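Novice: what follows is a predicted structure for the sequence shown.
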Amino acid sequence: MNKKNEKIEKKSEVKKAETKKVSAKKEKLDLSSLSVAQLKEMAKKKGITGISSMKKADLVKALS
């Protein structure tokens, strides 16, 4: 029974890791769908400096 439990735990850990990867990818996609103004507001909240001269791609990269 102990080995069965270990296998189940490993499978659940793998699924959690895969879920986190998918979530991260979705977040990146969501950032690219936002407007520049929205991205700048997010950057301000995170304390990123120099946002006034950043383009959309730069903002997405900085927030990722």
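Specialist: Happy to help now that I have it. Since this is a predicted model, take the numbers as computed values, not measurements. Residues are numbered from 1 along each chain as shown.
Novice: what bits of the chain have low per-residue confidence?
Specialist: 1, 14, 16-29 (pLDDT under 70).
Novice: I8 in helix, strand or coil?
Specialist: helix (DSSP: H, G, I helix; E, B strand; the rest coil).
Novice: what's around it, how many residues?
Specialist: 10 (other CB atoms under 10 Å). Where you see a C-beta, it was placed from the backbone N, CA and C, and this is true even at glycine.
Novice: ok, now which ones touch it?
Specialist: Taking CB atoms under 8 Å, 6 or more residues apart in numbering, we find I8 in contact with no residue.
Novice: how near is it to N2?
Specialist: 11 Å (CB to CB, to the nearest Å).
Novice: can you check S64 too?
Specialist: For S64 relative to N2 (CB to CB), the value is 41 Å.
Novice: more neighbours: which of these two?
Specialist: Set side by side, S64 and N2 show more neighbours around S64, with 10 against 6, by other CB under 10 Å.
Novice: wait, that one touches L39, no?
Specialist: No: counting by CB atoms under 8 Å, S64 sits too far from L39 to count as a contact (11.0 Å).
Novice: overlap in contacts, these two.
Specialist: Shared contacts of S64 and L39, counting by CB under 8 Å, 6+ apart, come down to L31.
Novice: now name the helix or strand holding A57.
Specialist: helix 56-63 (DSSP states H and E).
Novice: which parts of that helix are buried?
Specialist: 59-60, 62-63 (16 or more other CB atoms under 10 Å).
Novice: dump the residues you listed to TSV, plus distance to E13.
Specialist: Output for the buried residues of helix 56-63, formatted as TSV (distance: CB to CB, whole Å):
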residue	distance to E13
L59	34
V60	30
A62	31
L63	28
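Novice: most widely separated two among those residues?
Specialist: The largest separation in the buried residues of helix 56-63, counting by CB to CB, is between V60 and A62 at 7.4 Å.
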